[in-house]
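Peer 1: task: produce atomic coordinates for the following.
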Amino acid sequence: FSPPCAAVFIPLRAMHVLHRVTPLTSPALGLGARRWSSLLTPALKERVKKPSLWSKVCTPESLVPLFKDNMSLGWSGFTPVGYPKVTPVVLADYVEANGLQGKLRFNLFIGASVGAETEDRWASLNMVKRRWPYQTGKNISKGINQGRIEMGDIHLSIFAQDLAFGWFTKEKDTPNLDIGLIECTEIRPDGGIVLAGSVGAAEEVIHHSEKLIMEVNTSMPSFYGVHDIIRDDMPPARRPYLISRVDDRIGKPTVSCDPDRIVGIVESTNPDKGRKLADPDEASSTIASHLIEFLQHEVKHGRLPPGLLPLQSGVGNIANAVTAGLANGPFSNCTVWTEVLQDTMLDFLDTGKLTFASSTSLSLSNDGFERFYKNWDFYAQRVCLRPQQVTNHPEIIRRLGVIAMNTPVEVDMYGHANSTLIGGTKMINGIGGSGDFLRSGYLSIVHTPSSRPSPNGDENGISCVVPKVSHTDHTEHDIDIIVTEQGLADLRGLSPRLRAKHVIEKCAHPDFKPILTEYYERSLNACLKKGAAHEPQILGDVFKMHTHLEKNGTMKLDSWE
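Peer 2: Numbering: from 1, shown residues only. As a prediction, the model looks like this:
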């Protein structure tokens, strides 16, 4: 298959009748097709080191006819890093210019969230039919919660393997995705693909797409040597991942790729749109202090080594505050096994206290990327990027003894956690990798503010500690530690009733302690009378704080009666 080069306009509404892809140029966008030789800039020629692929260089506009309604697309990217930034925008421009909103919709399969100018804009143009397994963006979240977009929320480690199994495309004649869009920073002489600042599920997308579009980003350094790419066999031929140290490398620096599947190569000069997190607030800093003190206590009593065990930290301000606390803390010779690296991880590396970090994505701010590229030789030797199926794999997490730390929406007094659904129904982003790490970590820690502002203007009107979470992502069987700015509850070795008393005492906001204590005592007495008091609840009252919030804008009950 050769990329388009002739200037022929075909209305997008008629494309479904084509049996072969015909080149397109759109007068509406004022674009014309050009020969590949004029598009092969010196920078692109330097990055595409396999000359036989040069003839596939093309404009993104010429690729528009490839896309048909209800296609299944796979993208590279994990958080707004390493995702295709040119072709999706051109396709969105075309849809908008031709009034095709809702008439050209796709099934999107991406390792995690990507840049808002791509998938969130697609959602605003009604271009997204299905989205797996995680997303971030006002429009795509709105589409999911209004029922226009079908979303599947699954563990990120499982998503990658299920994509390879063909679970998401089982209704097709072949299990492959229709088109894969990949951002890379280099194509090696042997055709190997050097990805950019994330890996995610790109390896699976490359191997399980009928056609591939490569966006070669020449605005950033080649990431050759930073990745450790492992391709897993299908069951029953799978083998163990022979990783026993965070800095072990067992794969290759590139993703192997069938060049015949590449239908177009587009040069990109668009940088990743890094996310800058707010500076840690008082609550986040206090949570970090509680955690540092707890880790010191574990070292003192011999339950952790002096350099701790490999650390995993989720995304967000609390995670950032915890990492900042570790960078300024008493521990040295630390390592990180996680799925995203935020700016404070660079601070941690700079101190010398963090010696190596393994991740699937560099989720840095714009300043963080500039800093990483400026000090490339230092950071690139201390960071390894791997597929999400590896970074989030329970086998490795358990073997390394990872200390897992993640932020939920709410926790309940028995230790269950809700990470995804506000009020049990409204999707935020997805479970992400939190379940992968919390189910298998040596220590499974969740941290959250004890309260949040409520619609009635009360800054503490919503309790993040409740009798029962409105949706369960992480069960009591997986959570060891709960931390809020009020304190830390160590739940290891405690029965459910002792857990409840401990969580209320240590973690609940003072405004809610009496409310939660009264509920626990009422439920305990009621269940003891029935001889059913292992984990006391009153089913008619268990969500009363949530329903009171819906009706009155606050969780602060006047009475349980």
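Peer 1: so what touches stretch 427-436?
Peer 2: With contact meaning Cβ atoms under 8 Å, 6 or more residues apart in numbering, stretch 427-436 is reached by 112-113, 133-136, 141, 144-145, 151, 153-157, 314-315, 339, 388, 391-394, 397, 404, 406, 408-409, 419-422, 473-474, 478. C-beta coordinates here come from the backbone N, C-alpha and C atoms, glycine included.
Peer 1: could you redo the last one with a cut-off of 6 Å?
Peer 2: With contact meaning Cβ atoms under 6 Å, 6 or more residues apart in numbering, stretch 427-436 is reached by 134, 136, 144-145, 153, 155-157, 314, 339, 392, 406, 419-420, 473.
Peer 1: how long is it end to end?
Peer 2: End-to-end distance for stretch 427-436: 19 Å, by Cα to Cα, to the nearest Å.
Peer 1: and stretch 208-225, by the same measure?
Peer 2: One end of stretch 208-225 to the other measures 24 Å (Cα to Cα).
Peer 1: residues contacting that stretch, please?
Peer 2: Residues contacting stretch 208-225 (Cβ under 6 Å, 6+ apart): 43-44, 47, 74, 84, 86-87, 164, 176-186, 194, 196, 253, 261-269, 271, 373, 376.
Peer 1: try stretch 378-398
Peer 2: By Cβ under 6 Å, 6+ apart, stretch 378-398 touches 111, 156-157, 160-161, 199-201, 203, 226-228, 230, 241, 243, 339, 349, 356-358, 360, 372, 433, 436-437, 440.
Peer 1: looking at those residues, which are in helices?
Peer 2: For the contacts of stretch 378-398, the ones inside helices are 156-157, 160-161, 203, 349, 372, 436-437, 440, with DSSP state H as the criterion.
Peer 1: which among these count as buried?
Peer 2: When the ones in helices among the contacts of stretch 378-398 are checked for burial by 16 or more other Cβ atoms under 10 Å, the buried set is 156-157, 160-161, 203, 349, 372, 436-437, 440.
Peer 1: just send the residues you listed back as a markdown table, with distance to residue 322 and pLDDT too.
Peer 2: Supplementary listing: those in a markdown table, determined by distance: Cβ to Cβ, whole Å; pLDDT from 0 to 100:
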| residue | distance to residue 322 | pLDDT |
| --- | --- | --- |
| 156 | 20 | 96 |
| 157 | 22 | 95 |
| 160 | 26 | 93 |
| 161 | 29 | 93 |
| 203 | 30 | 97 |
| 349 | 16 | 97 |
| 372 | 21 | 97 |
| 436 | 18 | 97 |
| 437 | 14 | 97 |
| 440 | 19 | 97 |
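Peer 1: biggest separation within those, which pair?
Peer 2: Spatially, the most separated pair among those is 161 and 349, at 30.7 Å (Cβ to Cβ).
Peer 1: all strands of the stretch 101-250 of the chain, in order?
Peer 2: Listed in chain order, the strands of the stretch 101-250 of the chain (DSSP state E, counting those that start in this stretch) span 106-110, 128-132, 150-151, 177-187, 193-195, 209-217.
Peer 1: could you dump the ones you listed into TSV with mean pLDDT, mean neighbour count and distance to residue 534 added?
Peer 2: As requested, the strands of the stretch 101-250 of the chain are exported to TSV (pLDDT from 0 to 100; neighbours: other Cβ atoms under 10 Å; distance: least, Cβ to Cβ, whole Å):
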stretch	mean pLDDT	mean neighbour count	distance to residue 534
strand 106-110	98	24	42
strand 128-132	97	22	37
strand 150-151	96	16	35
strand 177-187	98	26	47
strand 193-195	98	25	49
strand 209-217	98	24	50
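Peer 1: I'd like those strands laid out as JSON lines, including distance to residue 330.
Peer 2: Below are the strands of the stretch 101-250 of the chain laid out as JSON lines (distance: least, Cβ to Cβ, whole Å):
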{"stretch": "strand 106-110", "distance to residue 330": "39"}
{"stretch": "strand 128-132", "distance to residue 330": "42"}
{"stretch": "strand 150-151", "distance to residue 330": "43"}
{"stretch": "strand 177-187", "distance to residue 330": "38"}
{"stretch": "strand 193-195", "distance to residue 330": "36"}
{"stretch": "strand 209-217", "distance to residue 330": "40"}
